[in-house]
Structure formats: structure tokens, C-alpha cells
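Engineer: Predicted model, plus sequence, below.
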Amino acid sequence: MKAYFGASFQFDRSLLPLYQEVVANLEKLGHSIVNPHVIDPDTELGDGLSAKSLYKRETILIDQADFMIAEVTKPSWGTAFLIEYALNHGKQVLALYYKEAAMPLPMMIEGHPELYVAHYSKGNIKTVLKKNMDYFVSMAKRKGKLVVIDGTDGSGKGTQTELLLKYLDSNNIRNKYIDFPRYYTSFHGQMVGRYLSGEFGSLESSSPYLTSLFYAMDRLTARDEIVDWLEEGNTVVANRYTTSSMAFQTARVDKEKREEFIKWLYDMEYKEHKLPKEDLVLFLYVPVEISQKLIDQKASRDYVAGKKKDINEANVAYQKEVLSLYLELAKKNKHWEVIKCVDSKGKLLSIEKVHDKVIEALKKHEIV
């Protein structure tokens with residue numbers, strides 16, 4: 001793949017040897033850069049071009065690249081602009097920061113939601129690049145779509161997932177299915193089950209940061225499988241995903257700290273663990289009073305040692321807070337669709353009517 005390499009160029013070129021080492025390791029991994037002049041010690045600032053011509057040259061080069069690597073140890077207005085240009089034109093961007101630098105990582109880089117940020121040293125440049133480049137390559141090969149069906153406990157996710165898979169099969173659309181948490185087939189999924197059975201304490205006593213790790217590691221161990229499915233061109237349907245932790249775990253955090261917690265979850269699962277981002281989230285909206293009745297109709301499950309409800313399901317006030325958070329997330333994210341499963345009088349819609357709404361949302365987002 002072809003990369004555009006951005007770095008501080010003006011006045012101080014003391015980090016040029018580092019830039020050259022980054023590019024050399026990138027090339028060892030089989031990639032190339034479209035702008036080698038950045039690491040050429042004889043290159044003059046602007047190459048004698050006018051400001052307008054320089055702008056045009058660099059943006060054209062970004063257009064030609066598959067992704068961008070930005071060395072951000074030394075602040076640079078030019079690099080910052082080119083990062084935004086690349087992101088706005090659909091390019092993945094990796095921001096590299098040298099661990100031994102005297103100054104801290106700029107907050108605007110650290111807090112950017114779309115940037116992949118990695119700290120590196122002279123000894124691990126190749127490892128850092130390989131991890132991120134492998135992910136960028138997999139993103140470029142991605143032909144399929146990832147659809148998440150989510151909702152509060154008892155909202156009918158399993159039923160609607162089953163109907164959706166039948167629809168995809170009947171329309172000859174390649175598909176794969178995964179259900180989180182994987183209580184019985186995953187080491188970390190089993191840990192989720194133990195947490196939900198109350199073994200590690202109550203909702204109030206256990207740390208949402210620590211319990212989130214059980215769910216996140218369960219998804220991480222399924223990542224390569226999901227990536228392969230997407231590269232094959234499948235529509236991958238997930239019953240729950242990272243989106244569930246953003247509601248269920250965040251609901252256990254003090255309100256003034258929730259934004260920080262959601263950022264931590266996002267960074268861990270999408271940036272650090274490199275989970276594929278979902279293309280569409282279908283949130284099944286069912287009032288808690290109704291979902292509680294539906295939970296009561298479920299058979300007992302082994303992961304809660306025969307109990308009727310796990311510690312999440314048994315707490316009605318908590319379920320209401322989770323529902324509120326789901327609705328907030330749906331408002332903030334354009335790729336979320338709220339599927340109302342009740343009519344104007346609050347009566348539960350038929351399974352078939354809800355399924356029709358699901359298919360309508362898939363067509364709206366050009367999934368099917």
C-alpha cells in the first residue's frame with residue numbers, strides 16, 4: 001500500500017533521522033511513500049513552489065495514497081492540516097509520537113476521535129508500524145458490512161437476529177453471525193457469565209473499568225474471525241457489540257464522568273484492540289416495563305447458575321438508565337437506527353412488524 005508521510009518540516013529538522021527510520025521500516029513491511037521529499041535532507045522548504053502550488057501538490061499526493069502516517073512529536077500546523085485533509089477524504093491516519101520526546105503528546109492529537117495514535121521508540125518502530133498497517137490493510141480489503149442488533153435485556157434481539165439471518169439467506173446475501181457475550185465458547189465470555197451471576201460483587205461494588213475488560217477481551221478474541229468474514233464480503237450480524245458496553249457499563253459510572261468513560265471504551269476497543277467498526281447499529285426500543293415481562297418468560301440459563309435473571313436484568317432502575325443511555329447514543333451517532341418495537345399506545349408490536357422495520361433500516365443504509 002502507498003502512504004503519505006507527514007512530519008514537521010519547517011525550521012527544525014533535528015528529528016529527520018527518526019523520520020527516515022520510520023519510512024525505512026515501512027518499506028521493509030512492503031509499503032511505499034508517495035512523498036519521499038519529506039525525508040530528503042537536501043529538500044528545501046516549499047521546493048521553490050508558491051504557497052498555492054505547494055498546497056495543491058501535497059493534497060494531490062494524499063489523494064494518491066492509501067493512508068497517512070503523521071509523525072507528530074514536533075508540532076506542525078502543516079501536518080495538522082494535512083491530517084484533517086486525509087481524514088476528510090476517507091484516509092486512515094496513524095499519528096506517531098516518539099516516547100523519549102521532552103514535550104507531552106498534544107491534547108488535540110490525543111483526543112481526536114478518528115486518529116490512531118501510537119507511541120514508539122527506536123527499538124519498536126517496525127512492531128508498531130506492523131500492528132497498525134496490518135489493520136489498515138484489512139480495512140482496505142473489507143468488502144462486507146457489520147450490522148449490530150442491540151437493545152436492553154429482553155428487547156427481542158435474538159428473535160430479530162434469527163429473522164434477519166433468514167432474510168439474508170433467502171435473498172442469497174452471504175452472511176455470518178456472532179453472538180456476544182460468548183458465555184460458553186470463550187474464556188473471557190465465561191468470565192462475563194461469572195460477573196453477571198454476582199460472583200465478583202454487585203453492580204455497585206464492582207468497577208465498570210474492570211468488568212468492561214471481560215466483555216472487551218471476549219470481542220478481541222473474535223476480532224480476526226470477524227475481519228476475515230468482512231474481507232470475504234459477508235454481511236456480519238452481531239447480537240450485541242462494543243455498543244452494549246457503551247450503554248450497560250457507562251450506566252454504572254457517575255454522570256459527570258461518563259463522557260470520559262465512553263472515550264476510554266472507544267479507544268480501547270476500536271483503536272487499541274482494532275475491532276472493526278460497525279456499519280449499522282439497530283437499537284430495539286422496548287420500554288423497561290415490557291422488557292421485564294419478556295425476561296420473566298425466558299428459561300433459566302446456565303451462566304447464572306439457574307437463576308431467572310442476572311444482576312443486570314434484576315435491577316429495574318439500572319435497566320431504565322441503560323435505556324436512556326442507548327437513546328442518547330442513538331442521537332449522537334448517524335449510523336444508529338432506533339427500531340421502535342411498540343405502537344403509539346405502548347403496546348408491543350408483532351415480531352413480523354418489527355422485522356419489517358429492521359429490513360427498512362437496512363435498505364435505508366444500503367446494507368441490502
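Structural biologist: Nice, thanks for sending it over. Please read all numbers here as calculations on a predicted model, not as lab measurements.
Engineer: can you list the domain ranges for the protein.
Structural biologist: The chain is divided into the following domains under automatic domain parsing: 2-140, 143-364.
Engineer: For those, give me CSV that also has mean neighbour count and mean pLDDT.
Structural biologist: (Glycine included, C-beta is placed from N, CA and C.) Formatted as CSV, the domains of the chain follow (neighbours: other C-beta atoms under 10 Å; pLDDT from 0 to 100):
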stretch, mean neighbour count, mean pLDDT
domain 2-140, 16, 91
domain 143-364, 17, 93
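Engineer: Quickly note the distance from the residue lying farthest from the centre of the chain to Gly78.
Structural biologist: The centre of the chain is farthest from one residue, Gly48, which by C-alpha atoms, centre = their mean lies 42.3 Å away. Gly48 sits 17 Å away from Gly78, taking C-beta to C-beta, to the nearest Å as the criterion.
Engineer: mind checking how far stretch 357-365 is from the chain centre?
Structural biologist: 22 Å (C-alpha atoms, centre = their mean, to the nearest Å).
Engineer: Kindly apply the preceding question to stretch 125-142 instead.
Structural biologist: Distance, centroid of stretch 125-142 to centroid of chain: 15 Å (C-alpha atoms, centre = their mean).
Engineer: Residues contacting it, please?
Structural biologist: Defining contact as C-beta atoms under 8 Å, 6 or more residues apart in numbering, one finds that stretch 125-142 is touched by 1, 21-22, 25-26, 28-29, 31, 66-67, 69, 92, 94, 96, 116, 118-120, 227, 230-231, 274, 276.
Engineer: if you look at those, which of them are in strands?
Structural biologist: 67, 69, 92, 94, 96, 116, 118-120 (DSSP state E).
Engineer: quick check, nearest of those to Leu168?
Structural biologist: Closest to Leu168 out of the ones in strands among the contacts of stretch 125-142 is Gln92 (28.3 Å), distances taken as C-beta to C-beta.
Engineer: Name the nearest residue to the closest one, sequence neighbours excluded.
Structural biologist: Phe67 (4.5 Å; C-beta to C-beta, 6 or more residues apart in numbering).
Engineer: quick one: the one you found and His273, what's the gap?
Structural biologist: With distances taken as C-beta to C-beta, Phe67 is found 19 Å from His273.
Engineer: same question, Asn88
Structural biologist: 25 Å.
Engineer: likewise Pro36?
Structural biologist: 33 Å.
Engineer: for Ser76, same thing?
Structural biologist: Taken as C-beta to C-beta, the span from Ser76 to His273 is 29 Å.
Engineer: How about the contacts made by the residue nearest the centre of the chain?
Structural biologist: With distances taken as C-alpha atoms, centre = their mean, the residue of the chain nearest its centroid is Tyr270 (3.5 Å). By C-beta under 8 Å, 6+ apart, the residues touching Tyr270 are 242, 277.
Engineer: which SS state does it fall under?
Structural biologist: Using DSSP: H, G, I helix; E, B strand; the rest coil, the three-state assignment for Tyr270 comes out as helix.
Engineer: And it, how close does it get to Lys263?
Structural biologist: Taking C-beta to C-beta, one finds Tyr270 at 11 Å from Lys263.
Engineer: next one: Pro75
Structural biologist: The value you get for Pro75 to Lys263, if C-beta to C-beta is used, is 22 Å.
Engineer: now Asn333
Structural biologist: From Asn333 to Lys263 the distance is 14 Å (C-beta to C-beta).
Engineer: Check Lys52 too.
Structural biologist: 38 Å.
Engineer: now do Phe283
Structural biologist: In terms of C-beta to C-beta, Phe283 sits 21 Å off from Lys263.
Engineer: ditto for Leu49
Structural biologist: According to C-beta to C-beta, Leu49 stands 40 Å off from Lys263.
Engineer: With Ile69 instead?
Structural biologist: Counting by C-beta to C-beta, the gap from Ile69 to Lys263 is 23 Å.
Engineer: Wasn't Lys74 part of a strand?
Structural biologist: No: checked against three-state DSSP, Lys74 lies outside a strand; its state is coil.
Engineer: Surely it touches Asp12?
Structural biologist: Yes: at 6.6 Å, Lys74 and Asp12 qualify as touching, with contact defined as C-beta atoms under 8 Å.
Engineer: now the strands for the stretch 201-350 of the chain?
Structural biologist: Using DSSP state E, counting those that start in this stretch, the strands of the stretch 201-350 of the chain run over residues 235-239, 280-285, 336-340.
Engineer: Next, the contact list for the closest residue to Ile367 other than its chain neighbours, please.
Structural biologist: Leaving aside its chain neighbours, Ile367 sits nearest to Lys145 (5.1 Å; criterion: C-beta to C-beta, 6+ apart). Contacts for Lys145 (C-beta under 8 Å, 6+ apart) come out as 230, 235-236, 279-280, 367.
Engineer: Please repeat the previous calculation with a cut-off of 10 Å.
Structural biologist: Contact analysis of Lys145 by C-beta atoms under 10 Å, 6 or more residues apart in numbering lists 173, 175, 230, 233-237, 278-280, 362, 365-368.
Engineer: bridging residues for it?
Structural biologist: Lys145 forms beta bridges with Thr235, as assigned by DSSP bridges.
Engineer: ok, now the one 5 residues further on?
Structural biologist: Using DSSP bridges, the beta-bridge partners of Asp150 come out as Phe283.
Engineer: That one touches Val286, doesn't it?
Structural biologist: No: in this structure Asp150 lies outside contact range of Val286 using C-beta atoms under 10 Å: 11.8 Å.
Engineer: Right, I'll leave it there.
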